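K.L.:
Give me a 3D structure for the following:
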Amino acid sequence: MLDSNWKNHVEEMFMARAPLIVIETMEEERAMAALRQICQNLAIKLNTCDLVEGMGKESRPASAGMPAKDPLSLLGEINKSSADAIDVLNGFHEVWNNPQVKRCLRNTAQRNIFIRKSMVVICPFVDLPRELEDVAVVIQMPLPTPQELNEELTNLLRNPEIQIAIDKLGRERLIQSAAGLTAAQAQRAFARAIIKEGILDDHAVAIVLQEKKRIIQASKALEFVDFSETPETVGGLILLKQWLELRRRAFTQDARDFKLPTPKGIALIGIPGAGKSLTAKMVASMWQVPLLRLDFGSIFDSLVGASEAAVRKALRIAEVISPCILWIDEIDKAFSQGDHDGGTSKRVFGTILTWMQEKTAPCFVVATANNIANLPPELLRKGRFDEVFFIDLPNQAERKEIFSVHLKKRGEKTNSFNLDLLAETANGYVGAEIESAINDARWLVYNQAKRELKTADIVNAIRATVPLSVSEQEKIEKLRQWLRDGRARAASAADDSVNSNLPAESSVPIAIRPKVPTPKKPRNSSGGSP
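P.N.:
Have a look, this model is predicted:
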């Protein structure tokens, strides 16, 4: 987890005589500026040395000749410097696995305990030798806060030649979109937005988000998902949409000032093809934040420990990109391995559970699952998700809306179709099956001299399809029983026509109705009929 009070942490570690402090960050200049401020607050000296430039001018005597540049000589000069100081060793993470450098660092650390000195190594990632683990304190430097990003933007806008056409709310959205970038990345994104548009306006948000997209490409386990879904293009799910609408401004400063907790996430359980993946995209569209998809196929690596490292890196990037939606698709498949993978899935699962429980970054998790039997009970408890929604077979009104959405997407005029008949005929069909039936009907008319699509064409396509509600009736009934047991919240409003039971036999096309064998009359012991 990122330490929001990391500068106080550094001061405390120095006062506690921590001999070696490792600051993990990509922003060396920003870290150095913070260390100078810390030394000023504590009235101590800041010594700097660099593997290329040697000892800093402020750290070596005026009579000294050319500065040493090899690490052992540099550590020797550091040892001669005065007490009550912080010694910054730039680049030493590249050489601290050298046996002699490693021994020298350890010896210096042991001496520093008694003279109130601390060595500081700034590095983009921490791969600490085991010999230094007991003398080192690792501190993660967080990325710039919204206040710091606002200062960067303010400094940039001091240029009188820059035209500003953005209001207070637009500026807040711009700062929010830059959250997760380093100070240098944010400066570059702001400047690019101004140069590209010739003015700072609401279009700058999209340009800043492009900068975030490039960061995500560094992780193979995360995919930046483009989305265009809106509540209007996703049929049904009215209760889920209402829940999401209430939290549309969850990541704004206004919500924080109102002391509202940041939403943690939702789990979407339900029937395949009912719209769980579309919902994840819809959330990102409603809230106007990036959508990241966690790819378990890239996480599970053959090397021992590589999978856990991959998921930690992916979660760290998600925090960097936040506010965002982290979409964990088909999470049930990821944890279906059991003990057949050497415990890798259990360790990865434990890492994700811990992160979901303890995360403070505004990463809203949307987890989807089809098979509840593979989900450990501790995953769905309160504290990790705000709510667990069950997405059932669409009811009559929802099926009508789904037909309307898909017909409009394909340029068809909905008033030319009998939507009530289509919805009635598709009783027991999920949204993906309805879309497939429309596509099948359109292929038919395309090959018939591209004639006009009619209601009958779609009805015939529906009747030629065996829905999951028939082919997987037992599994779906178990899923729906899970809802009836009160273990989840319905995503749709109740509709007596469908969602109380599985499709009635009369609604299933005649061609696919299973034949029920006529039971034979039992015979009595004498061989005759009873």
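K.L.:
what sits up against stretch 82-101?
P.N.:
Stretch 82-101 has contacts (C-beta atoms under 8 Å, 6 or more residues apart in numbering) with 14, 22, 28, 32, 35, 38-39, 44-52, 71-72, 74-75, 78, 81, 102, 105, 115-123, 126-129, 132. To be clear about C-beta, it is placed using only N, CA and C from the backbone, and glycine gets the same treatment.
K.L.:
And those, which of them are buried?
P.N.:
14, 22, 28, 32, 35, 38-39, 44-50, 71, 74-75, 78, 81, 102, 105, 117-123, 128, 132 (16 or more other C-beta atoms under 10 Å).
K.L.:
Give me the distance between K117 and S285.
P.N.:
For K117, the distance to S285 equals 54 Å [C-beta to C-beta, to the nearest Å].
K.L.:
With I325 instead?
P.N.:
As judged by C-beta to C-beta, I325 and S285 stand 10 Å apart.
K.L.:
okay, these two: which has more neighbours?
P.N.:
Between I325 and S285, counted using other C-beta atoms under 10 Å, I325 has the larger neighbour count: 26 against 18.
K.L.:
For the more buried one, which residues are in contact?
P.N.:
Per C-beta under 8 Å, 6+ apart, neighbours of I325: 280, 283-284, 287, 289-292, 363-366.
K.L.:
Could you check the strand or helix carrying A397 and say which residues are buried?
P.N.:
Using DSSP states H and E, A397 sits in helix 396-409. Residues of helix 396-409 classed as buried by neighbour count (16+ other C-beta under 10 Å): 396-407.
K.L.:
Residues contacting that helix from elsewhere in the structure, which ones?
P.N.:
With C-beta under 8 Å, 6+ apart as the criterion, helix 396-409 contacts 232-237, 394, 413-414, 417, 419-420, 422-424, 426-427, 429, 431, 434-435, 438, 458, 492, 495, 497-498.
K.L.:
Between the two ends of stretch 283-295, what distance do you get?
P.N.:
In stretch 283-295, first residue to last residue: 19 Å (C-alpha to C-alpha, to the nearest Å).
K.L.:
so where is the stretch 351-500 of the chain shaky, pLDDT-wise?
P.N.:
495-500 (pLDDT under 70).
K.L.:
hmm, 80 instead?
P.N.:
Applying pLDDT under 80 to the stretch 351-500 of the chain flags residues 371-378, 380-383, 482, 494-500.
K.L.:
what does the stretch 1-150 of the chain give?
P.N.:
Ranges of the stretch 1-150 of the chain meeting pLDDT under 80: 1-5, 56-69, 81-83, 125.
K.L.:
For the residue most central in space within the chain, which three-state class applies?
P.N.:
Geometric centre of the chain, nearest residue: L326, 2.3 Å, by C-alpha atoms, centre = their mean. Classification of L326 using DSSP: H, G, I helix; E, B strand; the rest coil returns strand.
K.L.:
That one: what's it in contact with?
P.N.:
With C-beta under 8 Å, 6+ apart, L326 has these contacts: 265, 292, 294, 318, 363-366.
K.L.:
one more time with 6 Å
P.N.:
292, 318, 363, 365 (C-beta atoms under 6 Å, 6 or more residues apart in numbering).
K.L.:
Any chance of the residues you listed in JSON lines with neighbour count and secondary structure as columns?
P.N.:
As requested, the contacts of L326 are exported to JSON lines (neighbours: other C-beta atoms under 10 Å; DSSP: H, G, I helix; E, B strand; the rest coil):
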{"residue": "L292", "neighbour count": "26", "secondary structure": "strand"}
{"residue": "A318", "neighbour count": "25", "secondary structure": "helix"}
{"residue": "C363", "neighbour count": "23", "secondary structure": "strand"}
{"residue": "V365", "neighbour count": "24", "secondary structure": "strand"}
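K.L.:
Please state the offset of stretch 28-47 from the chain centre?
P.N.:
34 Å (C-alpha atoms, centre = their mean, to the nearest Å).
K.L.:
again with stretch 135-155
P.N.:
Using C-alpha atoms, centre = their mean, the offset of stretch 135-155 from its chain centre is 21 Å.
K.L.:
got the end-to-end distance for it?
P.N.:
Length of stretch 135-155, first residue to last, C-alpha to C-alpha: 40 Å.
K.L.:
Equivalent analysis for stretch 408-424, please.
P.N.:
19 Å.
K.L.:
And stretch 152-168, by the same measure?
P.N.:
End-to-end for stretch 152-168, by C-alpha to C-alpha: 16 Å.
K.L.:
got the buried residues for it?
P.N.:
Result for stretch 152-168 [16+ other C-beta under 10 Å]: buried residues 152-153, 157, 166.
K.L.:
what about the helices in the stretch 201-350 of the chain?
P.N.:
204-216, 238-246, 253-257, 276-287, 296-299, 306-321, 331-334, 344-358 (DSSP state H, counting those that start in this stretch).
K.L.:
Comparing the ones you listed by mean pLDDT, which bottoms out?
P.N.:
Set side by side, the helices of the stretch 201-350 of the chain give their lowest mean pLDDT on helix 296-299, at a mean of 72.
K.L.:
From the contact counts, what lies against that one?
P.N.:
Under the contact criterion of 3 or more C-beta pairs under 6 Å, 6 or more residues apart in numbering; DSSP states H and E, helix 296-299 touches helix 306-321.
K.L.:
I'd like to check the angle between the helix it packs on and helix 204-216, please.
P.N.:
Our comparison of helix 306-321 with helix 204-216, counting by axes from the mean of the first three to the mean of the last three C-alpha atoms, to 10 degrees, yields an angle of 160 degrees.
K.L.:
now the angle from helix 306-321 to helix 344-358?
P.N.:
Using the same axes, to 10 degrees: helix 306-321 against helix 344-358 is 20 degrees.
K.L.:
export helix 306-321 as PDB, just CAs?
P.N.:
Extracted C-alpha coordinates of helix 306-321, given in PDB (Å, rounded to 0.1, in the frame of the first residue of the first chain):
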ATOM      1  CA  ALA A 306       6.000 -15.200 -11.000                       C
ATOM      2  CA  SER A 307       2.200 -15.300 -10.900                       C
ATOM      3  CA  GLU A 308       2.100 -13.600  -7.500                       C
ATOM      4  CA  ALA A 309       4.600 -11.000  -8.700                       C
ATOM      5  CA  ALA A 310       2.500 -10.400 -11.800                       C
ATOM      6  CA  VAL A 311      -0.700  -9.800  -9.900                       C
ATOM      7  CA  ARG A 312       1.000  -7.500  -7.400                       C
ATOM      8  CA  LYS A 313       2.400  -5.500 -10.300                       C
ATOM      9  CA  ALA A 314      -1.000  -5.300 -12.000                       C
ATOM     10  CA  LEU A 315      -2.700  -4.200  -8.900                       C
ATOM     11  CA  ARG A 316      -0.100  -1.600  -8.300                       C
ATOM     12  CA  ILE A 317      -0.600  -0.200 -11.800                       C
ATOM     13  CA  ALA A 318      -4.300  -0.100 -11.200                       C
ATOM     14  CA  GLU A 319      -3.700   2.000  -8.100                       C
ATOM     15  CA  VAL A 320      -1.400   4.300 -10.200                       C
ATOM     16  CA  ILE A 321      -4.100   4.700 -12.800                       C
END
